[in-house]
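Peer 1: can you look at this prediction? I've put the sequence above it.
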Amino acid sequence: MRSIAFDPPEYRGRDSAPAVSVLSCPAARPVTPGRLDTANAPHVLALLDRALEGCLSHEFDAMVTAPVQKSVLNDAGIAFTGHTEYLAQRTATPLVVMLLVGGGLRVALATTHLALSEVPRAITRARLEAILRLRPSRRKASRSPGPIPPTLSSRRECSPRATPRWRCSMTRGCRCSSTPRSGAP
């Protein structure tokens, strides 16, 4: 197994923390890479809880998570579907979105952790509209990397396929040259 040299300093508090530091949270049993142990399942939630506590109290600037083996938590008797749902429940957040960021892109997923068979029923017009309306405040967005996310316009616009071959299907609110005028206000 190949490894990358990474030896950040130990976390000793917000005021003395460098840009990257590691807060040690010992597990119940020794951790062996590649070997799952249900005795350490509560430790996984303790890590998330500590990170969440630090973010909510402004001790930490951000939380970075890695994949979690959900079956170990479930085998230990802990109902767990994923970080997203867990953090939403802990913060009483009614609608959450998983956001993937990389290579100049920000992609908001339409669902969280679901069985593939459940995805078609979960993606509804109302859900997509609610997700599209979620966005950070301009103040928060200006501190995050990359451009400020676009806002969802309340002004309706015509279809990008409105060409001589394709006619704009909107009958209200659009003033493009291909909008059908019958039925328009």
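Peer 2: Thanks, I have the structure now.
Peer 1: can we go C-alpha only for contacts and neighbour counts from here?
Peer 2: OK.
Peer 1: what comes into contact with the lengthiest helix in the chain?
Peer 2: The longest helix of the chain (DSSP state H) is helix 41-56. For helix 41-56, the surrounding residues in contact (CA atoms under 8 Å, 6 or more residues apart in numbering) are 25, 27-28, 60-63, 68, 72-73, 76, 87.
Peer 1: try 6 Å
Peer 2: The contact list for helix 41-56 (CA atoms under 6 Å, 6 or more residues apart in numbering) reads 27, 60, 73.
Peer 1: by neighbours, which of those wins?
Peer 2: Using other CA atoms under 10 Å as the neighbour test, the contacts of helix 41-56 are led by residue 73, with 22 neighbours.
Peer 1: which SS class is that residue?
Peer 2: Using DSSP: H, G, I helix; E, B strand; the rest coil, the structure places residue 73 in helix.
Peer 1: for the closest residue to it other than its chain neighbours, give its distance to residue 64.
Peer 2: Nearest residue to residue 73, sequence neighbours excluded (CA to CA, 6 or more residues apart in numbering): residue 41, at 5.1 Å. Distance from residue 41 to residue 64, counting by CA to CA, to the nearest Å: 19 Å.
Peer 1: go on, residue 83?
Peer 2: Distance from residue 83 to residue 64, by CA to CA: 11 Å.
Peer 1: ok, now residue 117?
Peer 2: Separation of residue 117 from residue 64 (CA to CA): 29 Å.
Peer 1: residue 11 now?
Peer 2: 15 Å.
Peer 1: who's more crowded, the two?
Peer 2: residue 11 (14 against 6).
Peer 1: lowest confidence element among the helices and strands of the protein?
Peer 2: Ranked by mean pLDDT, DSSP states H and E, the weakest helix or strand in the chain is helix 138-143, scoring a mean of 48.
Peer 1: how's this protein carved up into domains?
Peer 2: Domain ranges of the chain: 1-94, 99-145, per automatic domain parsing.
Peer 1: weakest of those domains by average pLDDT?
Peer 2: Mean pLDDT is lowest for domain 99-145 out of those, coming in at a mean of 78.
Peer 1: what is the end-to-end distance of stretch 69-81?
Peer 2: End-to-end distance of stretch 69-81 (CA to CA): 10 Å.
Peer 1: go through it and flag the buried ones.
Peer 2: Within stretch 69-81, the residues that qualify as buried by neighbour count (16 or more other CA atoms under 10 Å) are 70-73, 80-81.
Peer 1: farthest-separated two in those?
Peer 2: Across these, the longest distance by CA to CA is 11.3 Å; it joins 72 and 81.
Peer 1: before we move on, back to that, just put the buried residues of stretch 69-81 in a markdown table and tack on distance to residue 91.
Peer 2: Shown next, in a markdown table, are the buried residues of stretch 69-81 (distance: CA to CA, whole Å):
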| residue | distance to residue 91 |
| --- | --- |
| 70 | 20 |
| 71 | 23 |
| 72 | 24 |
| 73 | 20 |
| 80 | 15 |
| 81 | 16 |
